[in-house]
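In: When you get a sec, could you give me coordinates for this:
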Amino acid sequence: MKTYHFWRPLLRAGLLSASLATTLSVMSASAQELIIPLGQQGDRDVMSLPQTGMKAERVRERWGSPGSTGGPVGQPPISQWHYPAFVVYFESERIIRAVMKRTP
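Out: Numbers count the residues shown, from 1 in each chain. Predicted coordinates:
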């Protein structure tokens, strides 16, 4: 009887280890890498964007007329100019932000 009590914890630990090893090997064998494309953001360093603080007339001189415009909306008035690769946001006549468009 004493030998049974001695081997019982070792047997339980061995079975637990074997079970864990089997589970881990099955999990790693069936694991897949899931890639969800969120779109590719362009590299700001590659593309020349209008700089914050630049006046609207300078933007028009350098990049031409925008494809479309939006606004002004709110107080202070915020407007936006849409170009093929980016959008420029203005507060009055100065740029507050230029953002590259998402490319799918």
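
In: For the rest of this, base every contact and every neighbour count on C-alpha atoms.
Out: OK.

In: where do the helices sit along the protein?
Out: Using DSSP state H, the helices of the chain run over 2-30, 56-63.

In: what mean pLDDT does the longest one have?
Out: Confidence for helix 2-30, expressed as mean pLDDT, is 64.

In: now do stretch 60-69
Out: What stretch 60-69 shows for mean pLDDT is 90.

In: mean confidence score for stretch 88-102?
Out: 88.

In: can you check stretch 72-83 too?
Out: 90.

In: what separates residue 102 from residue 73, distance-wise?
Out: Per Cα to Cα, to the nearest Å, residue 102 is found 23 Å from residue 73.

In: same thing with residue 103?
Out: The spacing between residue 103 and residue 73, counted by Cα to Cα, is 26 Å.

In: For residue 85, give me its contacts.
Out: 100-101 (Cα atoms under 8 Å, 6 or more residues apart in numbering).

In: gap between it and residue 9?
Out: Using Cα to Cα, we find residue 85 at a distance of 67 Å from residue 9.

In: mind giving me the domain split of this protein?
Out: By the assignment in automatic domain parsing, the chain contains the domains 1-34, 39-104.
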